[in-house]
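1. here you go, sequence then predicted model.
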Amino acid sequence: MTHFQGWIDFFGLPSEAPAPLVFFVSMTVFFLFMIIPLSLFMNFLERKMTADLQARVGPNRVGSSGVLQGFADMLKMLSKSAHVSETSRERFWLSMQNAALYSTFAALPLGSSLIFVNSELNSLIPFVALSLYFVCQSLIGIDGKNIEELLLGFRSGFQFVSGLIPSFICVLTVGVYTGSLNWSEIAQVQNGSPFQWIALSNPFGLVTGLVFILSGMLMFQTPPFHQLDRGMRHRSASGLAVYRINQFYATLIWSVFSVTLFFGAWDFFGEDSSGFIGSAVEMFSVLLKACVMMILSRVIAKALPQIRMDQMTDFSWKVLTPISLVCFLGMTLWVVGVGR
Amino acid sequence: MRFSQECLSTELSLMHLGPIHPSLPGPMKLALQVDGERIVRAEIETGYLHKGLEKSYENRNWFASMIPTDRIDSEGSIFAEMALCMAVEQICNIQVPRRAQMIRLILSELNRVSCHLTYLARVAQSVGFETTTHYILRERELILDLFELMTGSRFNLNFFRYGGVSADITEGFIERIFEVCRIIQIRLREYHALMIDNQSFVTRLAWLGPISAEDVYLMGITGPNARASGVITDIRKSHPYSGYDLIDFRVPLGMGAAGTVGDSFDRLKVRLEEIQESLLLLTHAAESVPPGDFSCIRVTHDFTVPAGEYFSRVEGARGFLGCHVVSSGDFSPVRVQWRTPSQNQLQIVPQLLKGVALQDVPVLLSTLDLSIPEVDR
């Protein structure tokens, strides 16, 4: 049985189907029937909850209570004609960016038999892919037409690096606790009750989890951290739609990583998860936790002002990074002294 | 020598913002010379909203002169109306009844609270604090509803007339004032918690764009911006008008609560305190509206002003608003010239922007409370 047997079961493919075929089919179906509808629904949910917080109504016109607002917005954006033309270089970097982002699907921990790359260090693979994503973003800015785009490119790069370091240390901390950097083994350690989750098993786990989540918000420019590029600079309408979906996917995969590392992964009250139903339950569990985390962080962020870029990087270097190092040391001592 | 020739040369970059840009207070051009993220030099260019308002007075009769007056600053139209009426009343030697003076005072203070609430919402929006923006605008709606109850309009009230006001107090208006004052008093505590006690909000504003007392005098800055720098200046105290001499109130000053005296945080804090004082003023004024006439004369289309000139001054929401009226005894004014507070405050913008980070430009401009319509007219 392969470690992506779940995907084979989902689509009824033969067991001997080649991995690239399974990967291609899985990614396409996941993107079209999961990511896009989920992004539209989550956008609606966030707008409604934010509106409630701000004593407003929010979308309420399209569909029942405005549920179809996301579809209307997407149709509107796709139907607008492009008013700017991207250079061939910009198109190249954008394609590279998309490729880097969606390559993380190969190591996305959606279930015990839903991971394509099951190597010993597969929890670090997304970092490499996301680093390439932000390098491409910086290169788009450096290749830009004016000083604003150049500054934007540099800012994105600096901001990403400042969030990458503490989050990387957090992953190493989890590796110290679980004894492995493999998604499946990390999830295995957290099987059972919620008190087995790394975030709830010891104080260092909880703090490390919070640092990891904040670092991700910083890297992906999620509120309250200042959003430098809202995707509107010199992009066509369809380019903007792709940019928004990319933003959502990037935030979703970070939430999935957070859930897998700190909040029990795909564990569903310790139930057995084999077969088609088991894989579906595991995926549902991971995505549900990830979506709850995304919504909570967005709504809490709405109650805070945006933080300036230099304040963000200061926060990362002077607060998050030292705390993550302390937690790394503390977790090591905990494992040695108390045990897992 | 060879080493210095091989050194890389760096040049400053030029960035242009405007005339239409979300970070600007209105249509204006801002040319910024930047060294990376820091602004080295700034130049401003206005005039994009010039409507020829001052010229248009010459083609209107005195009765219709209230219309361009409202457009000097649509947010604070009542102050311009007050200034024009006071100037004309001085030339004509008209005594405004006490009841009319109190009504004018009430509407002025309501407009002041409304302008300051809009300021707070704008500053919150500039730092990305959307939740607070919506809360504040919700409270501003209460005041705009009061305007609508009394005058029929929410902005551009066109309510003051020479010799008084155009109509008496609407039934239920005074009771509504008490209710609105009570609600806003409660909400002010919320704003205090959301803004003054919020460390990340304070960090965005503290030490940003401080205006020294010396600059206040040199540039002729007035109003809350001057008071935030510790300079006591308030026309309502120094040259009381329209019943302000009858009611006691405090003039808040900037104390350097978070960063330094006169910085953006002080400007915001002073306005919060001024809202508090205005609410107390409103309550006293509403309790002491005397019986009597709401106007001593009836102004019609053929109203004339005897030959003469006068310069009136009022304390607007943004500062000292002056109106110089010249009449030759004809049906139209010869000249109506305005001294607006934003015109002086705009002159200090290039100085304040030096050394500021690019991301702080919209925050700084919003805390200065500039009104481009007032500048360009």
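-> Now that the structure is in, tell me what you want to look at. Residues are numbered from 1 along each chain as shown, chains lettered A, B, ... in the order given.

2. for the residue in chain B positioned nearest to chain A, helix, strand, or coil?
-> Chain B approaches chain A most closely through B:Gly128 (2.9 Å), counting by C-beta to the nearest C-beta. C-beta: built from backbone N, CA, C; applies to glycine. Put simply, B:Gly128 is coil when judged by DSSP: H, G, I helix; E, B strand; the rest coil.

3. so what's it closest to, chain neighbours aside?
-> Distances taken as C-beta to C-beta, 6 or more residues apart in numbering or on different chains put A:Gln306 closest to B:Gly128, at 2.9 Å, once the chain neighbours are dropped.

4. surely the one you found is in contact with A:Phe225?
-> Yes - using C-beta atoms under 8 Å, A:Gln306 is in contact with A:Phe225, at 7.3 Å.

5. and these two? which has more neighbours close in?
-> Neighbours of A:Gln306 and A:Phe225, each counted by other C-beta atoms under 10 Å in any protein chain shown, are more numerous for A:Phe225; the result is 26 against 22.

6. show me the contacts for that one.
-> Under the criterion of C-beta atoms under 8 Å, 6 or more residues apart in numbering or on different chains, the neighbours of A:Phe225 are A:Gln159, A:Met217, A:Leu218, A:Gln306, A:Ile307, A:Met312.

7. as TSV, the residues you listed with secondary structure and pLDDT would be great.
-> Compiled in TSV, these are given as follows (DSSP: H, G, I helix; E, B strand; the rest coil; pLDDT from 0 to 100):
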residue	secondary structure	pLDDT
A:Gln159	helix	84
A:Met217	helix	86
A:Leu218	helix	86
A:Gln306	coil	83
A:Ile307	strand	83
A:Met312	helix	85
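
8. highest neighbour count among those?
-> A:Leu218 (25 neighbours).

9. you'd agree A:Ala199 is in a strand?
-> No - A:Ala199: not assigned to a strand; according to three-state DSSP it is helix.

10. that one and B:Pro362, how far apart?
-> 38 Å (C-beta to C-beta, to the nearest Å).

11. got it, and B:Tyr241?
-> Here the criterion is C-beta to C-beta. By it, B:Tyr241 lies 35 Å from B:Pro362.

12. in the stretch 101-250 of chain A, which spans are strands?
-> With DSSP state E, counting those that start in this stretch as the definition, the stretch 101-250 of chain A shows no strands.

13. up against chain B, what does it have?
-> Residues of the stretch 101-250 of chain A lying close to chain B (C-beta under 8 Å from any C-beta of the partner chain) are A:Ile147, A:Glu148, A:Leu151, A:Pro223, A:Pro224, A:His226.

14. which residues of the stretch 1-150 of chain A fall in helices?
-> Taking DSSP state H, counting those that start in this stretch as the criterion, the stretch 1-150 of chain A carries its helices at A:5-11, A:19-30, A:36-53, A:69-79, A:88-103, A:125-142, A:147-178.

15. turn those into CSV, columns for distance to B:Glu277.
-> Shown next, in CSV, are the helices of the stretch 1-150 of chain A (distance: least, C-beta to C-beta, whole Å):
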stretch, distance to B:Glu277
helix A:5-11, 67
helix A:19-30, 60
helix A:36-53, 30
helix A:69-79, 43
helix A:88-103, 54
helix A:125-142, 48
helix A:147-178, 42
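
16. pick out the shakiest of those helices, pLDDT-wise.
-> Set side by side, those give their lowest mean pLDDT on helix A:5-11, at a mean of 76.

17. in that one, what's buried?
-> By 16 or more other C-beta atoms under 10 Å in any protein chain shown, the buried positions in helix A:5-11 come out as A:Gln5, A:Gly6, A:Trp7, A:Ile8, A:Asp9, A:Phe10.

18. same question for stretch A:313-327.
-> Applying 16+ other C-beta under 10 Å to stretch A:313-327 flags A:Thr313, A:Phe315, A:Ser316, A:Leu320, A:Thr321, A:Ile323, A:Ser324, A:Val326, A:Cys327 as buried.

19. so which of these is the closest to A:Val22?
-> Nearest to A:Val22 among the buried residues of stretch A:313-327 is A:Ser324, at 36.2 Å by C-beta to C-beta.

20. residues touching that closest one, list them.
-> A:Ser324 touches A:Ile165, A:Pro166, A:Ser167, A:Ile169, A:Cys170, A:Thr173, A:Thr208, A:Val211, A:Ser215, counting by C-beta under 8 Å, 6+ apart.

21. for PyMOL, what selects the buried ones among these?
-> Per 16+ other C-beta under 10 Å, the buried members of the contacts of A:Ser324 correspond to this PyMOL selection:
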select buried, chain A and resi 165+166+167+169+170+173+208+211+215
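
22. tell me the two of the contacts of A:Ser324 that are most distant?
-> A:Ile165 and A:Thr208 (13.8 Å).

23. spit out the contact partners of B:Lys269.
-> Per C-beta under 8 Å, 6+ apart, neighbours of B:Lys269: B:Ile196, B:Ala228, B:Pro252, B:Gly254, B:Ala257.

24. turn those into TSV, columns for pLDDT.
-> Output for the contacts of B:Lys269, formatted as TSV (pLDDT from 0 to 100):
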residue	pLDDT
B:Ile196	91
B:Ala228	94
B:Pro252	93
B:Gly254	90
B:Ala257	82
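
25. list the buried residues of stretch A:115-130.
-> Buried residues in stretch A:115-130 (16+ other C-beta under 10 Å): A:Ile115, A:Phe116, A:Val117, A:Asn118, A:Asn122, A:Ser123, A:Ile125, A:Pro126, A:Phe127, A:Ala129, A:Leu130.
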